[in-house]
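heads up, no residue letters with this:
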């Protein structure tokens, strides 16, 4: 590092667990760029000061994670189309103005397209939080999407994208899953406990199952899906692809997702 090193980073609360510094710094090294990526823990009451710091220090780009994805919007100068539609930002580009983007949806789409074509497929998403909204918006361009959520109003609010929204109940889960080609868990279920949002008996051979949870890498949902003959996609692939898209927005350069995944896996092995 020197006086010309470009600074990028992540804001969240907490942020110390993040694998993003490992992924992005590996990409900078691979491309020979004089840049560094750091994680900043920013408490909610300090969010405005943190964004002002981005302007004042000339930080070139940020990722944004919970709990700031929605509240950061009021501090920005503008939004991309998808961020405005979704009402959630996970990437900020500083080109003199701070513009918010959301790369979660494209990250999920690219992760799924590694194993299946999505055009015309029936996709069932569990959860209508920030990630669920972003994924539903992105996939609604090419697939028939159903979103189930415990609070049905949040799922039905997505119907303006051509999505079907409904309440998450055992009956609705069974009914919609019977017709689904792709199942996505967009809730945190499975992150802090060995639980699955879907009973194993509802999973069937050939179903594509993605879990956005990546700690653990093999959630209970994915383990049971594998045993039932499903095609599985772990949440680390979504993290990697959304990170690669953020990297492109900041630098204009493409990075090998495999490189970022190897760095993230090394971070997981070190207990980050």
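Alright, I've got the coordinates. Values in this document were obtained by computation on a predicted structure and should not be read as measured data.

Next, count neighbours for the closest residue to residue 47 other than its chain neighbours.
Spatial nearest neighbour of residue 47, excluding adjacent residues (Cβ to Cβ, 6 or more residues apart in numbering): residue 68 at 5.7 Å. Bear in mind the C-beta positions are built from the backbone N, C-alpha and C, glycine included. Using other Cβ atoms under 10 Å, residue 68 is surrounded by 23 other residues.

Verify the contact between residue 68 and residue 45 for me.
No - in this structure, residue 68 is not within contact of residue 45 by Cβ atoms under 8 Å, at 11.5 Å.

How much space separates the residue lying closest to residue 116 once chain neighbours are set aside from residue 23?
Distances taken as Cβ to Cβ, 6+ apart put residue 208 closest to residue 116, at 5.1 Å, once the chain neighbours are dropped. Counting by Cβ to Cβ, to the nearest Å, the gap from residue 208 to residue 23 is 24 Å.

the strands in the stretch 101-250 of the chain, which residues?
Residue ranges of the strands in the stretch 101-250 of the chain, as given by DSSP state E, counting those that start in this stretch, are 122-126, 144-149, 164-167, 182-185, 208-211, 231-233.

In CSV, list those strands along with mean pLDDT, distance to residue 252 and mean neighbour count.
Converted to CSV, the strands of the stretch 101-250 of the chain look like this (pLDDT from 0 to 100; distance: least, Cβ to Cβ, whole Å; neighbours: other Cβ atoms under 10 Å):
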stretch, mean pLDDT, distance to residue 252, mean neighbour count
strand 122-126, 98, 31, 24
strand 144-149, 98, 31, 25
strand 164-167, 98, 37, 17
strand 182-185, 98, 30, 26
strand 208-211, 98, 29, 25
strand 231-233, 98, 28, 19
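
Ok, which of the ones you listed comes nearest residue 40?
For residue 40, the closest of the strands of the stretch 101-250 of the chain is strand 208-211, at 27.4 Å, according to Cβ to Cβ.

That closest one - contacts with which helices or strands?
Here strand 208-211 touches helix 104-112, strand 182-185, helix 220-227, strand 231-233, helix 235-251, going by 3 or more Cβ pairs under 8 Å, 6 or more residues apart in numbering; DSSP states H and E.

what would those look like in a markdown table with distance to residue 4?
Formatted as a markdown table, the helices and strands packed on strand 208-211 follow (distance: least, Cβ to Cβ, whole Å):
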| stretch | distance to residue 4 |
| --- | --- |
| helix 104-112 | 30 |
| strand 182-185 | 42 |
| helix 220-227 | 43 |
| strand 231-233 | 39 |
| helix 235-251 | 15 |
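
The ones you listed: which one's closest to residue 76?
When those are compared by Cβ to Cβ, helix 235-251 sits nearest residue 76, at 13.9 Å.

tell me the angle of the closest one relative to helix 220-227?
Computed with axes from the mean of the first three to the mean of the last three Cα atoms, to 10 degrees, the direction of helix 235-251 lies at 120 degrees from that of helix 220-227.

Next SSE downstream of helix 235-251?
For helix 235-251, the following helix or strand on the C-terminal side (DSSP states H and E) is helix 257-269.

In that next one, which residues are buried?
Residues 257, 259, 260, 261, 263, 264, 267, 268 are the ones in helix 257-269 that count as buried (16 or more other Cβ atoms under 10 Å).

gap between it and the chain center?
16 Å (Cα atoms, centre = their mean, to the nearest Å).

Pick out the residue nearest the middle of this protein.
residue 104 (3.7 Å; Cα atoms, centre = their mean).

Tell me, how many residues neighbour the residue nearest to that one when sequence neighbours are not counted?
Leaving out its chain neighbours, the residue that sits closest to residue 104 by Cβ to Cβ, 6+ apart is residue 134, at 3.8 Å. Counted by other Cβ under 10 Å, the residues lying close to residue 134 total 28.
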